[in-house]
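Engineer: what's the 3D shape of this:
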Amino acid sequence: MRNLAYLQGDLSDPGLRLQLERQARLTRAGLESLIKAAVKAGELESDTKPKALAKLVEAVLSGSLMTWVFYRETTAGTWMRRDLDTLLRPYVARRGSARGPRTLHRRRKPGDI
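Structural biologist: Down below sits the predicted model:
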């Protein structure tokens, strides 16, 4: 919903623009940090480029939320998780060829979006 609020805001306001840029840079840095940690933990392939993948994750999540607004076929969280899982699947580290296709596993807790 954040993206819709930006569309309603007056982006010609330099103060607002600086705050949005700051938030975006912090978000991307946070994503990059999480990706680096996942590579280090062996959860993502060692040749993953965290900076590039963080930019893709940011773009996919923003676009995913916007398309969810149009379709509303499930919850926003489920919709975005599916898109994110699709994006990340090729980066997930294989733990031996006998285990089959790459899949993402995360235990969901009540209240997760």
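
Engineer: Where does the most centrally placed residue in the chain fall, secondary structure wise?
Structural biologist: Geometric centre of the chain, nearest residue: residue 57, 3.8 Å, by Cα atoms, centre = their mean. Using DSSP states H and E, the element containing residue 57 is helix 50-71.

Engineer: What are the buried residues along that helix?
Structural biologist: 50, 53, 54, 57, 58, 60, 61, 64, 65, 68 (16 or more other Cβ atoms under 10 Å). Any C-beta I mention is one placed from the backbone N, CA and C, and that applies to glycine too.

Engineer: Could you do stretch 81-89 as well?
Structural biologist: By 16+ other Cβ under 10 Å, the buried positions in stretch 81-89 come out as 81, 83, 87, 88.

Engineer: For residue 42, state which of the residues you listed is nearest.
Structural biologist: Ranked by distance to residue 42 (Cβ to Cβ), the buried residues of stretch 81-89 are led by residue 88 at 14.5 Å.

Engineer: So residue 86, which state does it fall into?
Structural biologist: helix (DSSP: H, G, I helix; E, B strand; the rest coil).

Engineer: separation between it and residue 73?
Structural biologist: 15 Å (Cβ to Cβ, to the nearest Å).

Engineer: Quick check: residue 93 vs residue 48, distance?
Structural biologist: 9 Å.

Engineer: more crowded one of the two?
Structural biologist: residue 48 (18 against 14; other Cβ atoms under 10 Å).

Engineer: Can you tell me the SS state at that one?
Structural biologist: coil.
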